[in-house]
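In: Can you look at this prediction? I've put the sequence above it.
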Amino acid sequence: MLLLDTNILVAAADRSTPEYERCVAVLDSDTDLIVSTPVVVETAWMIESRLGPEAEAAFVNSVAAGELRVVDLSEADWTRCRDLITQYADLRLGLVDASVVVLAERFGLETIATLNHRDFAVVRPAHRDSLTLIP
């Protein structure tokens, strides 16, 4: 199981980004790809605003086809997101990134796919000292 952050999905949708090939390789990996619901919403918005409605529709189609496992947040997850947002207020961690950390904790994952090393290198999840960041 591999947990994805928004920026991996956006970069994989945009051939003009320098990270395009690395992000596509992550998505082509032979593992279950999981995303939080907030990541899906942010990704759709960013793809539409940067690449247009056709690209957004292609992304939504990949979600509908089951290429990504979308995980909703539980009540406890929302509370933990709030705690992380408060704890890392100086980073302006935000709900989407907090949801990634929360799902890593829930599933006991050590690796996340993200280009946001600035925040995720600092955040300390409850289940381990740090997260391994790829690509």
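Out: Cool, got the structure.
In: so residue 127 makes contact with residue 104?
Out: Yes: using CB atoms under 8 Å, residue 127 is in contact with residue 104, at 7.5 Å. Quick note: C-beta positions are derived from backbone N, CA and C, even for glycine.
In: Can you pick out the residue with more neighbours from those two?
Out: When residue 127 and residue 104 are compared for neighbours, residue 104 comes out ahead with 22 against 14, by other CB atoms under 10 Å.
In: Find the helix or strand that residue 118 is a member of.
Out: Residue 118 belongs to helix 117-120 when assigned by DSSP states H and E.
In: So which bits of that helix are buried?
Out: By 16 or more other CB atoms under 10 Å, the buried positions in helix 117-120 come out as 119-120.
In: which residues touch that helix?
Out: For helix 117-120, contacts defined as CB atoms under 8 Å, 6 or more residues apart in numbering pick out 5, 88, 91, 93, 97, 100-101, 112, 114, 131, 133.
In: now swap in stretch 26-44 and tell me
Out: Counting by CB under 8 Å, 6+ apart, 1-6, 8-10, 12, 56, 59-60, 63, 67-73, 95-96, 99-100, 102-103, 107, 113, 134-135 sit against stretch 26-44.
In: Check which element follows the helix holding residue 118 along the chain.
Out: Next element after helix 117-120 (DSSP H and E): strand 132-134.
In: which one of the contacts of helix 117-120 is nearest residue 81?
Out: residue 101 (8.2 Å; CB to CB).
In: Let me know the helix or strand that that closest one is in.
Out: Counting by DSSP H and E, residue 101 is part of helix 94-107.
In: Strands of the protein, start to end?
Out: 2-4, 33-36, 69-71, 111-113, 132-134 (DSSP state E).
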